[in-house]
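[1] Just the structure for this:
(chains A and B)
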Amino acid sequence: NEGKELTKEEKQRLRKEKKQHKKNKKDDKGPPEKEKEKEKASVPAPSKPATQSPAHKAPAPVHASESAAAAEKPAKSKAELRAERRARQDSERTSKQGKKEGGQQSASSKPKATPNELQPVVKRLPEHVQVDDPAALKKLAKKLERQQVPLRSDYGYKVSLFSHLHQYSRKSPPTLQISIPATVIHPSIVRLGLQYSQGIIAGSNARSVALLHTFKQVIQDYSTPPNEELSRDLVNKLSPYISFLSQCRPLSASMGNAIKYIKKEISNIPSQCKEEEAKGKLQACIDSYINEKIILASEAISKYAIEKISDGDVILVYGCSSLVNHILCKAFEKQRKFRVIVVDSRPRLEGREALRRLVKKGIRCTYVLISALSYILPEVSKVFLGAHALLANGYVMSRVGTSQIALVAKAYNVPVLVCCETYKFCERVQTDSFVSNELDDPDDLIVTRNGKSHLENWQTVKSLGLLNLVYDVTPPDFVDLVITDLGMIPCTSVPVVLRVKNVDQ
Amino acid sequence: EIHEPEEVSVWFREGSSCCQETLARNQRFTETPVNMPGADKETDLSERIESFLSELKRCGSGAGSLRGSAETARETTALLRRITAQARWGNAGELMEIIRKEGRRMTAAQPSETTVGNMIRRVLKIIREEYARGSSEETDQQESLHKLLTSGGSSEDNFRQHFTHLKANVIEAINELLTELEGTTDNISMQALEHIHSNEVIMTIGRSRTVEAFLKDAARKRKFHVIVAECAPFCQGHEMATSLCKEDIETTVIPDAAIFAVMSRVNKVIIGTQTVLANGGLRAVNGTHTLALAAKHHSTPLIVCAPMFKLSPQFPNEEDTFHKFVSPHEVLPFTEGEILSKVNAHCPVFDYVPPELITLFISNIGGNAPSYIYRLMSELYHPEDHEL
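    Model prediction:
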């Protein structure tokens, strides 16, 4: 044990020296910059080494004009961040092992933590994309090169309002650029990435579950290299996988939370744990996560939701939400008499999948497109919507078109109920659908009618742009109730739930 | 007022038995004396009427307006002029009766094409005016308000007098009406620069020739950005976008589901419509109500470009007589297989937009608020003609 400790200490020292070396090579900026980084570092880091974005945001509060120089600053401060974090973690670990030191260390680390928590630190999450910033793009490219993950290029003319987002084409998947056999990226991750990019796996629950199962496979196949610790090395191994997956398709909020959970579990593995035991533990953790947060949560939500469905109801649903479908099937099994109106929209036409599932159960369904909403809404008694994520300011992020449905339902005084598991709650805040969204393949909008497709050569037309948004945000005043596994809450109680969850963890 | 449902506002699906019923019933009205002597002109006339009716029926297949409303209006007016010229009538009353009869058949052929009925009512009003002018050459043209208060003078018996020049006058007035119709789009586009400034983001839905001309006229002098909602399932927005791009207007096509998402960035919403109802509301292509609600939520002005011949004296009826449906194949194609038999699918063509959501009407006679529409209507149509 002691021998291991020594080599660990040595390794840390070596690492620190290397970083200092790197730092001295680049320019030295003023101490205030460093101090700001130190403050940010001492906050219980929500997203550890995942991407370079925390470093991204570090120069942002300083100045936008120094963008060129800022490219160097983050690299330095990132090293600082890491060093700080390592030191703190080690101190926490030794405090766990040695009780004598424990009191001292924890005492010293806690007061450092709490005053900084009270300070208004801007927590920005790694999902923020900045495609219109060439410096950020360069950093991303460098990072991907280091991780040996292929960089996916944007496709087609992007509408200027959305120039800060990526726009990929389904016809050029990122796997084209991977050599066979892929050495860095696990083959099941490659398969998963391909399934994401081609839209074979869609829907936030499905994506999260697939991701977790793939991670189980990865953990199964993992073996700790000599002189490395499982808790640290496995996390480093996962980083390029996550970059690859986000190149295939931007990560969803639920996936982000799942990844955070796994990383926390991995880094909490005590160092004296044997490899097989550790792997078994991790797999059990993943299984319990899926079971608790997704499967049992949907059971709890169905129970609450069924109380809200009465006989003779006409229920409107939009698109294909696995949770809402589950609720309706359960309610039908409980002998409630209702009929369903499925609203669908181009170009994804996901409502047809929901229609098939409901009809198979035997539920009476009607099907319309979203433009016929004003016609069909006078018949409707309740609207059930699924969510992709619930934001901290009470806005509901969901498939594009959801906000429209909530708007028109409000105009006709029809109650709108959103069903969402708590693991999809997200600390981000957003007020419109522009700043953070996903652009899907613009070629999906092309349609052939009567043998003619007007938009076929849209690339050649100079001033024409096609916009295929994936998500939009619904303001909380359109939503009457949110049904979660913790109960039925109003939209504005989301930050309360987040706080409760953070305290628990 | 609700028209007699059998004749005019029939809620019909394509190819259903309702259509054939109406046809049979209307043929009872036709007393075309085909076998009368000197019937060449008559047969020629009836042939034209029949061909017009069949064209009306055919183009109602829901692919938008295969012929724009302007063309329909022009053809209707031309046909009415021909009827005036060639049919046998002795006095104004008989002429009006003939026109009313043919008018009922025409509106029954395609109840959703309201321009036909509007033109018929305009012509009837022209006839009344010409008759009134003939019978009282000396007195000046009185104010319409005055006429409203002292109405009583235009009952049916009064139309029995015969005037030699009535036919010529009526045909001349109809010619004026035709000229007015031809110039409507230009009149509307001339007002474009008063409403669009530079660097605006304008939103529209589907395809409207009036709006297209309006935007193209403004694009000659100003640079702005247009967002077109494609309006499923017929996706006429695509045609609109490609046509606007030819004039180098920056256009973006969005699916209908993204209307609310992008609305926060839009400065004005400019739409066309199929009909303007008597209360100032609209009967427009489906999806327009959602667009109007989103615009109201973001306090974006909603401007409707509609020429005067689209103004109809109907009020929004109950859902039964207001909507028109086309084949649900557009919504759920037959390739979906077995679920088709277990599912109801709807494909309505029109939406009702209440007048509270509309900011401005731009027509060939200028800009008006929706609250003023009833007044314009009383100047265009005579109250007794509201029901043909």
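[2] drop to CA atoms for contacts and neighbour counts, all remaining ones
    OK.
[3] Pull the number of nearby residues for A:Gln335.
    Using other CA atoms under 10 Å in any protein chain shown, A:Gln335 is surrounded by 9 other residues.
[4] quick one: average pLDDT of the helix or strand hosting A:Ala135?
    Per DSSP states H and E, A:Ala135 falls inside helix A:134-147. Averaging pLDDT along helix A:134-147 gives 82.
[5] Could you export it as PDB, CA atoms only?
    Extracted C-alpha coordinates of helix A:134-147, given in PDB (Å, rounded to 0.1, in the frame of the first residue of the first chain):
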ATOM      1  CA  PRO A 134     -12.700  30.300 -35.100                       C
ATOM      2  CA  ALA A 135     -10.500  30.100 -32.000                       C
ATOM      3  CA  ALA A 136     -12.900  27.700 -30.400                       C
ATOM      4  CA  LEU A 137     -13.100  25.600 -33.500                       C
ATOM      5  CA  LYS A 138      -9.300  25.400 -33.700                       C
ATOM      6  CA  LYS A 139      -9.100  24.200 -30.100                       C
ATOM      7  CA  LEU A 140     -11.700  21.600 -30.700                       C
ATOM      8  CA  ALA A 141      -9.900  20.400 -33.700                       C
ATOM      9  CA  LYS A 142      -6.700  20.100 -31.800                       C
ATOM     10  CA  LYS A 143      -8.300  18.300 -29.000                       C
ATOM     11  CA  LEU A 144     -10.000  15.800 -31.300                       C
ATOM     12  CA  GLU A 145      -6.700  15.300 -33.000                       C
ATOM     13  CA  ARG A 146      -5.100  14.500 -29.700                       C
ATOM     14  CA  GLN A 147      -7.800  12.000 -28.900                       C
END
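[6] So which bits of it are buried?
    For helix A:134-147, burial by neighbour count (16 or more other CA atoms under 10 Å in any protein chain shown) applies to A:135-136, A:139-141, A:143-144, A:147.
[7] Could you tell me which residues of the stretch 401-505 of chain A lie near chain B?
    Within reach of chain B by CA under 8 Å from any CA of the partner chain, the stretch 401-505 of chain A has these residues: A:401-404, A:407-408, A:411, A:432-434, A:445, A:449, A:454-455, A:461-469, A:472-473.
[8] With the stretch 201-350 of chain A instead?
    Selection of the stretch 201-350 of chain A residues close to chain B by CA under 8 Å from any CA yields A:345-347.
[9] Among these, which one is most surrounded by other residues?
    In those, the most neighbours by other CA under 10 Å go to A:Ser345, 24 neighbours.
[10] A:Ile370 is in contact with that one, correct?
    Yes: at 5.5 Å, A:Ser345 counts as touching A:Ile370 under the criterion of CA atoms under 8 Å.
[11] overlap in contacts of those two?
    With contacts defined as CA atoms under 8 Å, 6 or more residues apart in numbering or on different chains, the residues shared by A:Ser345 and A:Ile370 are A:401, B:256-257.
[12] From those residues, pick the one nearest B:Glu239.
    B:Asp256 (15.1 Å; CA to CA).
[13] pLDDT score assigned to that closest one?
    What the model reports for B:Asp256 is a pLDDT of 93.
[14] I'd assumed A:Pro347 was in contact with it.
    No: B:Asp256 is beyond contact range of A:Pro347, at 9.5 Å (criterion: CA under 8 Å).
[15] So what's the residue count around A:Asn457?
    A count of nearby residues for A:Asn457, using other CA under 10 Å, gives 12.
[16] Also B:Thr335?
    Using other CA under 10 Å, B:Thr335 has 9 other residues around it.
[17] Which secondary structure state does it sit in?
    Three-state assignment for B:Thr335 (DSSP: H, G, I helix; E, B strand; the rest coil): helix.
[18] Tabulate the CA atom coordinates of whichever strand or helix holds B:Arg81 in CSV.
    Using DSSP H and E, B:Arg81 maps to helix B:69-86. Extracted in CSV, the C-alpha atoms of helix B:69-86 (Å, rounded to 0.1, in the frame of the first residue of the first chain):
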residue,chain,number,x,y,z
SER,B,69,-58.4,33.5,-56.9
ALA,B,70,-57.7,36.5,-59.2
GLU,B,71,-58.1,34.3,-62.3
THR,B,72,-61.3,32.8,-61.0
ALA,B,73,-62.6,36.3,-60.3
ARG,B,74,-61.8,37.4,-63.8
GLU,B,75,-63.3,34.4,-65.4
THR,B,76,-66.4,34.7,-63.4
THR,B,77,-66.8,38.3,-64.3
ALA,B,78,-66.2,37.6,-68.0
LEU,B,79,-68.8,34.9,-67.9
LEU,B,80,-71.3,37.2,-66.3
ARG,B,81,-70.6,39.8,-68.9
ARG,B,82,-71.3,37.2,-71.5
ILE,B,83,-74.5,36.2,-69.8
THR,B,84,-75.6,39.8,-69.7
ALA,B,85,-74.8,40.2,-73.4
GLN,B,86,-76.3,36.9,-74.7
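[19] by contact count, what packs against it?
    Judged by 3 or more CA pairs under 8 Å, 6 or more residues apart in numbering or on different chains; DSSP states H and E, helix B:69-86 is in contact with helix B:40-58, helix B:92-109, helix B:114-135, helix B:166-182.
[20] Looks like A:Ser453 contacts A:Ile446 (just checking).
    Yes: when contacts are counted by CA under 8 Å, A:Ser453 is listed as touching A:Ile446 (6.8 Å).
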